[in-house]
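Trainee: Predicted structure and sequence below. I'll ask about it afterward.
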Amino acid sequence: MKTKTTIVAAMLLSLGLLASVSANAQQEGAANAATQAAAPPIEVSNQQLQQFANASEEVVSLSQEYTQQLHTTEDETAQQAIQEEANEKMIDAVEDNGLDVDTFNAIGQAIQTNPELMQRVQEMTGS
């Protein structure tokens, strides 16, 4: 059985993957990261937090599935294709749960600095 820490760590790793996809897609690079770091705390509704929790569970599952594929593939071109497919599926999972990637990432960042939000997400995921 997975511990809360494992699930949260995997979720945060997945957030990093989505953040890099978002940054690459928008081509904002360091300027985007600086803006996000300076952003004020966000207000997260219960609905958004539930959407985040649902999407996170799917993203974690996809991340684990595709990480296994990456570990069994040595060809760099194949690895890149696997990463692109994983990123697309993770984005779809986020959007299918009613959030855009930027909102998902903003909530993820808020969770990292707000223990109360982290607790609420853990309760929603049953972790």
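Mentor: Perfect, I can see it now.

Trainee: The longest helix seen in the chain: which residues count as buried?
Mentor: Using DSSP state H to define each element, the chain has its longest helix at helix 46-71. Neighbour-count burial for helix 46-71, with 16 or more other Cβ atoms under 10 Å as criterion, is recorded at 48-60, 62-63, 66-67. The C-beta positions use only the backbone N, C-alpha and C, and glycine is treated the same way.

Trainee: How about residue 99, nearest residue that isn't a chain neighbour?
Mentor: residue 51 (5.1 Å; Cβ to Cβ, 6 or more residues apart in numbering).

Trainee: pLDDT value on the one you found, please?
Mentor: For residue 51, the model assigns a pLDDT of 95.

Trainee: Who are the contact partners of residue 119?
Mentor: With Cβ atoms under 8 Å, 6 or more residues apart in numbering as the criterion, no residue contacts residue 119.

Trainee: Sticking with residue 111, tell me its helix or strand.
Mentor: Taking DSSP states H and E as the definition, residue 111 sits inside helix 101-113.

Trainee: Which strands or helices does that helix pack on?
Mentor: helix 4-26, helix 29-38, helix 46-71, helix 76-96, helix 115-125 (3 or more Cβ pairs under 8 Å, 6 or more residues apart in numbering; DSSP states H and E).

Trainee: Select from those helices the stretch with the lowest mean pLDDT.
Mentor: Among the helices and strands packed on helix 101-113, helix 29-38 scores lowest, at a mean of 47.

Trainee: Chain neighbours aside, what residue packs nearest to residue 106?
Mentor: Residue 106's closest residue in space is residue 42 (Cβ to Cβ, 6+ apart), at 5.5 Å.
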